[in-house]
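Participant: Compute the structure for the input listed below.
(one chain, ligands or ions: 1)
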Amino acid sequence: MIEFDSVSKVYPDGTVAVDNFSLTIPSHTTMVLLGSSGCGKTTLMRMVNRMVDPTSGQVRIDGDDVLSRDPVQLRRSIGYVLQSAGLLPHRTVGDNVATVPRLRGVPRRQALADAAQLLERVGLDPALAARYPGQLSGGQQQRVGVARALATDPNILLMDEPFGAVDPIVRRELQDELLRLQAELGKTIVFVTHDVDEAFRLGDQVAVLRPGADIAQLGTPAEILAEPADQFVRTFIGADRAERQLSVVTAHGRTLVVDGDGKALGVVT
Ligand SMILES: Nc1ncnc2c1ncn2[C@@H]1O[C@H](COP(=O)(O)OP(=O)(O)OP(=O)(O)O)[C@@H](O)[C@H]1O
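Facilitator: Next comes the predicted model:
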């Protein structure tokens, strides 16, 4: 379980990135932090692995204040996936995935064998381990980023816009892969995005944020869609857009789903 307890972060230049934020993320669930650019999502996430320390308040993992943990040890115990994948360009894919286990003392042979298995787990051919990151597609690099984050079998996975830089089709594949992995692994995932559809696909719960990491609404995707808390949330999730206003009609003896413009989207089976 991850708990943010009245957490604030004021950067040295006076920017209030996070203002009195409280949220509990239950273990083995995916929490999506959804908000537009600059609302404090990355700052929140980085306070979990101590890349940023709060100005006030507490972040706790399973009841322990993260400030009581050694930052390097803590970081190595938490998986972190970034938009740019962040792979080391001059090391092979296998070595990239094996980096943190090697730092923790796993012998190279073992770490590379484990890396090959992890690549398979994220849907990649283990033969890609011999390539360099620049020889992979963007989507493949993101998968390697996920494999690397899983390499120490962390309980917590932090994912900061991990699929933001790939095209929509690959993005959807990566989302599917994450859902499949999560069903297998049951990690505690904090996932940052500004993409509403991605948030609703992946989140067990979604926190819709305003600037200053102010929670406009917290709930399951169904709860937020069914009852947006206010006009800010309605607008953000596009509740008023035609593609969200679905209804059913009967045509040719079948029941069809149509959007707010009457455009047919699918058949009810
Ligand atoms: N090191 C820093 N020093 C000063 N201000 C910062 C620093 N890092 C972030 N900020 C500011 O804090 C606010 C929140 O930034 P943060 O990166 O957490 O937002 P975000 O929601 O993740 O945005 P994005 O989606 O664009 O990454 C912004 O106003 C940003 O400019």
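Participant: For the rest of this, base every contact and every neighbour count on C-alpha atoms.
Facilitator: OK.
Participant: for the closest residue to residue 143 other than its chain neighbours, what are its contacts?
Facilitator: Nearest non-adjacent residue to residue 143, counting by C-alpha to C-alpha, 6 or more residues apart in numbering: residue 122, 6.0 Å away. Contacts for residue 122 (C-alpha atoms under 8 Å, 6 or more residues apart in numbering) come out as 143, 144, 146, 147, 177, 181.
Participant: Pretty sure residue 164 sits against residue 83.
Facilitator: Yes - here residue 164 reaches residue 83: they are 5.9 Å apart, a contact under C-alpha atoms under 8 Å.
Participant: ok, back up a step: please convert the contacts of residue 122 to CSV, extending it with neighbour count, pLDDT and distance to residue 191.
Facilitator: Below are these laid out as CSV (neighbours: other C-alpha atoms under 10 Å; pLDDT from 0 to 100; distance: C-alpha to C-alpha, whole Å):
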residue, neighbour count, pLDDT, distance to residue 191
143, 26, 90, 15
144, 30, 93, 17
146, 26, 90, 12
147, 29, 91, 16
177, 16, 89, 14
181, 15, 89, 14
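Participant: Just to be sure, which of these are found in helices?
Facilitator: Applying DSSP state H to the contacts of residue 122, the entries found in helices are 143, 144, 146, 147, 177, 181.
Participant: in terms of contact, does residue 116 touch residue 129 like I think?
Facilitator: Yes - judged on C-alpha under 8 Å, residue 116 makes contact with residue 129 at a distance of 6.6 Å.
Participant: Any idea how many residues pack against residue 87?
Facilitator: Neighbours of residue 87 under the rule other C-alpha atoms under 10 Å: 21.
Participant: Next one: it relative to the ligand, how far apart?
Facilitator: 19 Å (C-alpha to the nearest ligand atom, to the nearest Å).
Participant: Enumerate every residue touching that residue.
Facilitator: Shown in contact with residue 87 (C-alpha under 8 Å, 6+ apart): 96, 133, 141, 145.
Participant: same deal with residue 63?
Facilitator: With C-alpha under 8 Å, 6+ apart, residue 63 has these contacts: 1, 2, 3.
Participant: Show me which residues of the chain are close to the ligand?
Facilitator: 11, 13, 15, 17, 36, 37, 38, 39, 40, 41, 42, 43 (C-alpha under 6 Å from any ligand atom).
Participant: Let's see that with 8 Å instead.
Facilitator: With C-alpha under 8 Å from any ligand atom as the criterion, the chain comes near the ligand at residues 10-18, 35-44, 160-161, 192-194, 211-213.
Participant: Give me the common contacts of residue 116 and residue 129.
Facilitator: residue 94.
Participant: Go through the contacts of residue 122 and say which is closest to the ligand.
Facilitator: The ligand lies nearest to residue 146 out of the contacts of residue 122, by C-alpha to the nearest ligand atom, at 19.1 Å.
Participant: mind checking how far that closest one is from residue 122?
Facilitator: Distance, residue 146 to residue 122, using C-alpha to C-alpha, to the nearest Å: 7 Å.
Participant: same question, residue 238
Facilitator: In terms of C-alpha to C-alpha, residue 238 sits 32 Å off from residue 122.
Participant: just how off-centre is stretch 84-91 within its chain?
Facilitator: Here stretch 84-91 is found 19 Å from its chain centre; the criterion is C-alpha atoms, centre = their mean, to the nearest Å.
Participant: Stretch 236-244 too?
Facilitator: Computed by C-alpha atoms, centre = their mean, the separation of stretch 236-244 from the middle of its chain amounts to 23 Å.
Participant: can you pull the buried residues of it?
Facilitator: 236, 237, 238, 239 (16 or more other C-alpha atoms under 10 Å).
Participant: Just put those residues in TSV and tack on pLDDT and secondary structure.
Facilitator: Shown next, in TSV, are the buried residues of stretch 236-244 (pLDDT from 0 to 100; DSSP: H, G, I helix; E, B strand; the rest coil):
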residue	pLDDT	secondary structure
236	90	helix
237	90	helix
238	86	coil
239	76	coil
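Participant: Thank you kindly, that will do.
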